[in-house]
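Visitor: fold the stuff below for me.
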Amino acid sequence: AAAAAAATDYPPLPPGPYQAADLPNAYVWGCQPGNISAHLPFCDTSLSVDQRLDDLVARLTLQEKLGFIGGSNITGVDRCDNVDNGVLRLGIPPFMNLVETNTNVASRCLWPEKCSTTFMGPSNFGATFNRSLWNAKGAVVSDEMRAFSNLHGFRMQGNNSLIGPSGYGPNLNIIRDPRFGRASELPSEDPYLTAQYGIAYVRGCQEGSDTRYLKMLAGLKHYDAYSMETDREAFNAEITLFDWWDTYLAQYGPVYSQAKVQTVMCSYTSINGVPSCASDYLLNKVARGEFQCPDLLVVSDCGAVNNMVEHNHFVKNMVEAAAVSINGGLDIDMGDDLFAPEALGGRNAVGLAMLAGLITESRLNLSVRRILQKRFVTGLFDPAVDQPYAKIGADVINATAHQQLSRDAALQSFVLLQNKNSILPLRPGRRLAVVGPHAVSRSDLFSDYASRTPCFASDPSKDDTHYCVPTIGEAIARLNVGGTTLIAPGFPTTNSLNGSMVEAAFEAVDQSDLVIMCVGVGLNDAHEALDRTTVRLPGNQEYFVQWILEIGKPMVMILVNGGVPAIDMLADKMEAIVEAFNPGLQADALAATLFGKENRWGKLPVTMYPASFDAVDFSRFDMPASTGYPGRTYRYYTGPVVFPFGYGLSYTTFNMSCTLQTMTVVCKVTNTGNRTGDEVVQMYHSPSTTLRHSLPHVAPIKQLVNFERVQVAPGATATVQFSVGDRDLKLTDREGQYVLYKGTHNLILSRGVGQDVTLSVSVSETKILPPV
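Guide: Prediction:
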């Protein structure tokens, strides 16, 4: 809606001829009316995209083709952002392939209050179990990306890093282990929930009011099985076909086939000895074939091709690395100068491989076609004057509606894990001590790869400041009207061992009647290139909590983290526990929830493990339990948990009844409390005991197959319906095939709390299902 309004209000583009500066970033000025290429067939909008591509690719020299598949060294932009050189003689400008869009558009602020809308972390979004929110997030990101493009916005890499309509997000790796350094970038440990998030977000990004074009190119990360930062450049994951298709590919297939995602970043991970960025199986057979994305554009993670020589030693030299990656299905090398020709400051590895007969020009042409096809489908080769997306203006950037969506999403993302004696909601006017390092955190409230620029700074060198971000302590103090709020972090950061501030925290607690303990994981503890070594709270936080508990005041724990920490040694001593994940700019929404002004709440999209999980080998990628190994995620984990996947309380209470009518599950959710509240109905599949024992392979304990979030007023009842199809009852066999087995299948309906409802479905014959 915001984009449509902007298209109406924004003044029309001037008549041609155009120069690049007259157009949105990345538009092919040569194709605009009256310009140098406007008469050529590749600019003729009456022809099909394939016909236009045939003409354009035939006009390119070999050096120009090579200039598209690797970053240029002469742009002054970090090669990980990958700006190509364009073809100026045809009016094709340089194009930046990589703009991060996992939580926002990674752009410099245009001016005060025109910084991109920065959402809370992806795990927060996973906790909402709300497809419409995920779709709306994508629409906001694509609106703002077009606005930054139209207004010549750029990334942090300087004025040549001009933002075009190409973004990388969402990140769809699963949270295999909470110690993973990039867990804060991910929505869930569950493949189905992750897939649903990806489908909704990608559709929100790519689809818009002008059905002639995609609003932006959404790119997935990191394909595939990327789940370790430790030795990531050389790491080889040993993964069976069962685990590969049951867990590590399961979330990608639906997004490829249903959302028609345009681009994907292949990962650093080698799988069974083959680097992902050189895997014909992963890139060609599966993604472009089985997952039905023949035009998928594949780019490497930064430096992944170089790793094949320098780190995992898959090949002997860079020419061979270029050959195996291009022939394996890669289109663009990001992060290195390997593919670019010497004229652009590159090492010309692809050109040399062609001279050696290792790569054909027809194979090179295929990559060039994929690269350029993405610019055609976003309208960059067409006249800009009649394109609504080319007219989206600054009014959509951080618009009031976008801010409200961000707040609404946050309200649905916090998870109430414990609430003894209904100590929450808080009553204003109390003497509160808000302690713990996250009481004063600003930048640490964000997930990894969130915006470096949530706050405008006139000095570009200060664009990583977060001065406008409210802290949790400040937000609580604002709502504790008539009371006193003392804020004392105890430790300056989550991993600090400096205890010089502890005494001030003790004094604050002594003067208060309730403690709000804000602890968790910070960006210094886990981020790209750094895994956690333990699931326990970093630094001295665990000791700090114990010391404060000895004072004897009741305590509410607020957790801020990506990968969830183990709190089993502390949980029973808390009056209440709230998992806030990475709330970003939304500390005020968290405070409003704590004080009972809101009652939305989410559910855990992950399992909260105990400290004993540290004994699990971090490098193991197999999921099912085996001798001496408890398995991973709620689908296979057999050990103790602190709080399970899907769990979450509310300030009100609900009852649920469910029936099976033919192949439709009907659940009725009644609010039995005195407050309006949200509930999430979750449907899981589990083979019956008899069927499980007859299977020739392991099966999940249970697995999520559908869900629906509803808001219910006191005394009212909401109805939720789930159609049950073959794919809801499928299991994965040893060969990675999806199989619907003859026998009895159980459907488990759950709210994450209270009594589950189990319904049974009988299947009359066994059959193999397609991959998507």
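
Visitor: wait, doesn't Leu47 sit right on Pro41?
Guide: Yes - using C-beta atoms under 8 Å, Leu47 makes contact with Pro41 at a distance of 6.1 Å. Where C-beta positions appear, they are placed from N, C-alpha and C, glycine not excepted.

Visitor: what residues are shared contacts of the two?
Guide: Jointly contacting Leu47 and Pro41 under the rule C-beta atoms under 8 Å, 6 or more residues apart in numbering are Asp55.

Visitor: shaky segments in this protein?
Guide: 1-20, 72-76, 78, 157-159, 460-464 (pLDDT under 70).

Visitor: and the longest helix for it?
Guide: helix 131-150 (DSSP state H).

Visitor: how about that one: buried residues?
Guide: Buried residues in helix 131-150, counted by 16 or more other C-beta atoms under 10 Å: 131, 133-150.

Visitor: could you do stretch 753-765 as well?
Guide: Using 16+ other C-beta under 10 Å as the test for burial, stretch 753-765 gives 753, 757, 759, 761.

Visitor: stretch 539-546 now?
Guide: 539-542, 544-545.

Visitor: related to what we said a few turns ago, could you look up the next helix or strand downstream of the longest helix of the chain?
Guide: Following helix 131-150 in sequence order, the next helix or strand is strand 166-171 (DSSP states H and E).

Visitor: can you give the distance of that next one from its chain's centre?
Guide: Strand 166-171 sits 8 Å away from the centroid of its parent chain (C-alpha atoms, centre = their mean, to the nearest Å).

Visitor: same question, stretch 203-213
Guide: On C-alpha atoms, centre = their mean, the centre of stretch 203-213 falls 20 Å from the chain's centre.

Visitor: can I get the CA coordinates of it in CSV?
Guide: The C-alpha coordinates for stretch 203-213 follow below in CSV (Å, rounded to 0.1, in the frame of the first residue of the first chain):
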residue,chain,number,x,y,z
ARG,A,203,6.9,-13.4,-2.0
GLY,A,204,6.6,-10.2,-0.1
CYS,A,205,10.0,-9.1,-1.5
GLN,A,206,9.4,-10.0,-5.1
GLU,A,207,5.7,-9.6,-5.8
GLY,A,208,4.0,-6.2,-6.0
SER,A,209,1.3,-4.2,-7.8
ASP,A,210,3.0,-4.1,-11.1
THR,A,211,2.9,-7.7,-12.2
ARG,A,212,5.1,-7.1,-15.3
TYR,A,213,8.1,-7.0,-13.1
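
Visitor: how about the residue nearest to Asp513 when sequence neighbours are not counted, what does it touch?
Guide: Once flanking residues are discounted, Asp513 sits nearest to Arg431: 4.9 Å by C-beta to C-beta, 6 or more residues apart in numbering. Residues in contact with Arg431, defined by C-beta under 8 Å, 6+ apart, are 483-484, 486, 511-514.

Visitor: need these in CSV (columns: secondary structure).
Guide: Below are these laid out as CSV (DSSP: H, G, I helix; E, B strand; the rest coil):
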residue, secondary structure
Gly483, coil
Thr484, strand
Leu486, strand
Gln511, coil
Ser512, coil
Asp513, coil
Leu514, strand
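
Visitor: closest to Ala505 out of those residues?
Guide: Of all those, Ala505 sits closest to Leu486, with 9.0 Å by C-beta to C-beta.

Visitor: give me the nearest residue to that closest one, chain neighbours excluded.
Guide: Leu486's closest residue in space is Ala508 (C-beta to C-beta, 6+ apart), at 3.8 Å.

Visitor: same check on Asp190?
Guide: Nearest to Asp190 is Leu704, by C-beta to C-beta, 6+ apart, at 5.4 Å.
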